[in-house]
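> Next comes the sequence, and after it the predicted model I'd like to discuss.
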Amino acid sequence: MAMDFFTIPTIFFKVLHVLILIDHEWRRIIHINVTTNPTSTWVVQQIREASPWDTAPRFLLHDHDPLFMASQYALKRMGIETVITAKASPWQNAYCERVIGSLRRECFDHIIVLNEEHLQQRLGEYVDYYQLADPFRTVQRFPSPSGSPARRV
């Protein structure tokens, strides 16, 4: 699993922080959440929510964000081994960076976020779209427009 933060400004110039957790094996979004004031305790709680019933990942890839670094002890107690990328090397966390870039290009370049609730709704819709529209997880690599399994005619 990998995680990263990105920020989205609102129409009132308030900065919202978005935490995203990605499964490396299937390149799917495991968990995404928004806050105005991220803390290391909040980050650890999001990881717990993303991996319920003792399904915590063996490894967790992240960058040198101070919030992630402050979470090291709690993650170790959860049995998660952290893998830290080199400083100023976003290419080492390529899956997260790719999803964040896609979110910005496909969603947030076209809308203006009003507040935290509005952002949470748009993120939920995008995650549903992202999980459905990925051609590598659908029948014969072509997504069905209705969301139901595709059938051959």
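All right, it came through fine. Keep in mind the model is a prediction, meaning the values are calculated, not measured.
> contact partners of stretch 91-98?
Under the criterion CB atoms under 8 Å, 6 or more residues apart in numbering, residues 2-4, 20, 22, 24, 27, 61-63, 85-86, 90 lie in contact with stretch 91-98. In this view, the C-beta of every residue, glycine as well, is placed from N, C-alpha and C.
> Bridged to the residue nearest to the spatial centre of the chain, which residues?
For the chain, Ile20 is the residue whose C-alpha lies nearest the centre (CA atoms, centre = their mean; 2.1 Å). Counting by DSSP bridges, Ile20 forms beta bridges with Asp4, Ile32.
> Next, the contact list for it, please.
The contact partners of Ile20, taken as CB under 8 Å, 6+ apart, are 3-6, 29, 31-32, 96, 99-100.
> Show me which of those residues is closest to Ser51.
His31 (8.4 Å; CB to CB).
> Now the longest helix anywhere in the chain: buried residues?
Across the chain, the longest stretch assigned as helix under DSSP state H is helix 116-133. By 16 or more other CB atoms under 10 Å, the buried positions in helix 116-133 come out as 118-120, 122-123, 126-127, 130.
> likewise stretch 54-74?
Residues of stretch 54-74 classed as buried by neighbour count (16+ other CB under 10 Å): 56-57, 60-63, 65, 67-68, 71, 74.
> what separates it from the chain centre, distance-wise?
14 Å (CA atoms, centre = their mean, to the nearest Å).
> Can you pull out the residues in contact with it?
By CB under 8 Å, 6+ apart, the residues outside stretch 54-74 that reach it are 1-5, 24, 38-40, 43-44, 47, 51, 75, 78-85, 87, 90, 92-93, 96.
> Mind checking which of these are in strands?
2-5, 81-84 (DSSP state E).
> Quick one, which of those residues are buried?
By 16+ other CB under 10 Å, those give 2-5, 84 as buried.
> Which pair of the residues you listed spans the longest distance?
Distance extremes for those: the farthest pair is Phe5 and Ile84 at 14.4 Å, using CB to CB.
> doesn't Asn37 make contact with Pro14?
Wrong residue type there; residue 14 is Lys, not Pro. No. Contact between Lys14 and Asn37 fails when scored by CB atoms under 8 Å: they sit 11.0 Å apart.
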